[in-house]
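**Q** just the structure for this:
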Amino acid sequence: MKTFRPRRSALFMPASNERAIDKARGLACDVVILDLEDAVAPEMKVEARGAAVAAAHAGGFGGREFVVRVNALDTEWGLGDLAALAGAPIDAVLLPKVSGPEPLAEARDRIGAPLWAMIETCRGIMNLRAIVDGAPRVLVAGTNDLAKEMRCRPGIDRAPLLPLLAQIVVAARSRGMVALDGVSNVIDDPVAVEAECRQGLAFGFDGKTLIHPSQVAPANAVFTPEAEEIAWAEQVVAAFALPANRDRGAIRVEGRMVERLHLDEARRTLSFRGGAAIP
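**A** Numbers count the residues shown, from 1 in each chain. You can find the predicted model right below:
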């Protein structure tokens, strides 16, 4: 039995803000990412690190996945972040600015938690094959840093970034990994956030990283399969469960040819009915 964990909405919250951490425990996001990097001023880094560890031990996040984004390992704080989080009850560590496999290997030597990798440098794009060979669980598109390093000017359509987003999804899928779209900088326009989420969905992303609680609802709505998709997935799973079909690689369902790869996708779709494992 394989369980697919929805990651429609992955919300960054500053680990230095106790009120934000407490609020995250009641939000409808699938993932809470406590941030020790961009959202925390240098003079607050050590204090934020302690707050993240305390939050992990305090719990209260329910079924939400609990992830901590550490500082880059080549900064003065990165290795200390890993040391502090070693043994803490967290679901994953998000490594920023992963430009090659080396940070993954170093982090894996220092912490037992699963690793996620942010792809937000030009060198990271060039080294995607080596990065996925380093076996992170999730690739996260760091669109703001990519745009800054490229010196491009993405508008509402994010046109300069689209080829890179496609590469990130392809790299993730080549190793069966999850891919999360980059953040939207729009806070007060849910229609614009929804449009960007739909673009990410069209590119194949599993969900979207977010910077504000107001973005959670649009992300969840877009990345949740529609009723028609759920109904079709139920038919596919039920058809393959029939004794006559259990050992077959391809079957006919409602006049359509369906293969085992479609069964995997159907099971993933049905996970959104409540997160239960699908036999």
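**Q** mind checking how far Asn245 is from Glu106?
**A** 47 Å (Cβ to Cβ, to the nearest Å). Using the backbone N, CA and C atoms, a C-beta is placed for each residue, glycine as well.
**Q** and the helix or strand harbouring Ala166, how far out from the chain middle?
**A** When elements are assigned from DSSP states H and E, Ala166 belongs to helix 162-174. The offset between the C-alpha centroid of helix 162-174 and the centroid of the whole chain comes to 14 Å, using Cα atoms, centre = their mean, to the nearest Å.
**Q** likewise for stretch 208-218?
**A** When C-alpha coordinates are averaged (Cα atoms, centre = their mean), stretch 208-218 and its chain have centres 13 Å apart.
**Q** any low-confidence regions in the stretch 151-279 of the chain?
**A** Low-confidence segments of the stretch 151-279 of the chain, defined by pLDDT under 70, span residues 273-279.
**Q** show me where it has its helices.
**A** Secondary structure of the stretch 151-279 of the chain by DSSP state H, counting those that start in this stretch: the helices cover 162-174, 190-203, 216-223, 227-241, 260-270.
**Q** give me the buried positions along the last one.
**A** Just to be clear, that refers to helix 260-270. By neighbour count with 16 or more other Cβ atoms under 10 Å, helix 260-270 contains the buried residues His262, Leu263, Ala266, Arg267, Arg268, Thr269, Leu270.
**Q** can I get the residues you listed in JSON lines including distance to Asn220?
**A** Conversion of the buried residues of helix 260-270 to JSON lines gives the following (distance: Cβ to Cβ, whole Å):
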{"residue": "His262", "distance to Asn220": "25"}
{"residue": "Leu263", "distance to Asn220": "25"}
{"residue": "Ala266", "distance to Asn220": "21"}
{"residue": "Arg267", "distance to Asn220": "20"}
{"residue": "Arg268", "distance to Asn220": "16"}
{"residue": "Thr269", "distance to Asn220": "15"}
{"residue": "Leu270", "distance to Asn220": "17"}
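**Q** identify the residue nearest the geometric centre of the chain.
**A** Among the residues of the chain, the smallest C-alpha distance to the mean C-alpha position (Cα atoms, centre = their mean) belongs to Leu180, namely 4.1 Å.
**Q** how close does that one sit to Glu196?
**A** Taking Cβ to Cβ, one finds Leu180 at 13 Å from Glu196.
**Q** could you do Ala15 as well?
**A** 25 Å.
**Q** give me the more crowded residue out of those two.
**A** In terms of neighbours (other Cβ atoms under 10 Å), Ala15 is the more surrounded of Ala15 and Glu196; the figures are 30 against 24.
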